[in-house]
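*Asks:* sharing a model that was predicted from the sequence below.
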Amino acid sequence: MVRSEIWAHHCALFSLFEIMEAAARAELKLDILQELERQKGLARQRGEEGNTVLETIQTAISNLQNVQQKFGQHLRENEWLMAIKQRMYVPGGTSPYDLPSYYYWQQKDPAERENQLRQWIQSLLPTYDAISLLLKILRHNSLSVECMATAGSYQHNSLGQNIHLLGINVAQNAAALPEVSANKYFTHIRFLQTSQQQARGSVLTTDIPFTLVMCSFDPVIK
């Protein structure tokens, strides 16, 4: 049990470093705030003044505005964490020989390690909450269409220009993985066989029924 917790906390740190890299764009906070403000305006247009949705959006805006530092800046200023981050990408780089202080931390009480992890992610939570709210709004405003990929291939020529997220639901027993290519004129979906031997499975030639889920930040999916 103790070993599994050590690995869980190791993976948590690795995920934390990945999030730092993925969210390093300087304009990320501004983009999120702009979309939240737009969604607040749309909620008011729908007559949701005083509604919990509007209140939730405003809370997310206020919490994010209160964050003064760049996303993950407090982590980048922690030399110990940055040393671990650098060594994690080296085979065997986090061994007790290379990082004895990290090994010492792993031997601490699991509750103490978890408390430190919570402290490190605390200032990231407003960004997490804001993004989670936007994704909830996006996925809630969706249109589902039942489709058939004839001989494993499907092309949609009139996909809405304001689609911001596309979901593809296919039965698990079909053992099929979708491969999507798109431009402003059409969306092409091709289904491949699942494979744990090849990076890319072969193209299926059977008919595959699936559900196409189109999600948009806009109130009307065109």
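*Replies:* Perfect, thanks for sending it. Here the structure is a predicted model, which means the values were calculated and not measured.
*Asks:* the nearest residue in space to residue 133 that is not next to it in sequence: how many residues sit nearby?
*Replies:* Leaving aside its sequence neighbours, residue 133 sits nearest to residue 60 (Cβ to Cβ, 6 or more residues apart in numbering; 5.1 Å). Using the backbone N, CA and C atoms, a C-beta is placed for each residue, glycine as well. Counted with other Cβ atoms under 10 Å, residues neighbouring residue 60 total 23.
*Asks:* thinking residue 60 is in contact with residue 129, fair?
*Replies:* Yes: assessed by Cβ atoms under 8 Å, residue 60 is found in contact with residue 129 at 5.7 Å.
*Asks:* what segments of this structure are helices?
*Replies:* Applying DSSP state H to the chain gives helices spanning 2-22, 28-45, 52-65, 73-76, 79-88, 100-106, 110-121, 125-140.
*Asks:* name the helix or strand of the chain that has the lowest mean pLDDT.
*Replies:* None of the helices or strands of the chain scores lower by mean pLDDT, DSSP states H and E than helix 2-22, at a mean of 89.
*Asks:* please parse the chain into its domains.
*Replies:* Split into domains by the TED database, the chain comes to 1-136, 141-215.
*Asks:* any idea of the mean pLDDT for the last one?
*Replies:* Going back to what we said before, that points to domain 141-215. Average pLDDT, domain 141-215: 88.
*Asks:* give me the distance between the two termini of that domain.
*Replies:* In domain 141-215, first residue to last residue: 6 Å (Cα to Cα, to the nearest Å).
*Asks:* quick one: that domain to chain centroid distance?
*Replies:* Its chain's average C-alpha position is 20 Å from that of domain 141-215, according to Cα atoms, centre = their mean, to the nearest Å.
*Asks:* can you check stretch 112-132 too?
*Replies:* Relative to its parent chain, stretch 112-132 has a centroid offset of 15 Å by Cα atoms, centre = their mean.
*Asks:* try stretch 10-28
*Replies:* Centroid separation for stretch 10-28 versus its chain: 11 Å, with Cα atoms, centre = their mean.
*Asks:* list the contacts of it.
*Replies:* The contact list for stretch 10-28 (Cβ atoms under 8 Å, 6 or more residues apart in numbering) reads 70-72, 75-76, 81, 84-85, 88, 94, 106, 117, 120-121, 124, 127.
*Asks:* buried subset of the residues you listed?
*Replies:* 71, 72, 75, 81, 84, 85, 88, 94, 106, 120, 124, 127 (16 or more other Cβ atoms under 10 Å).
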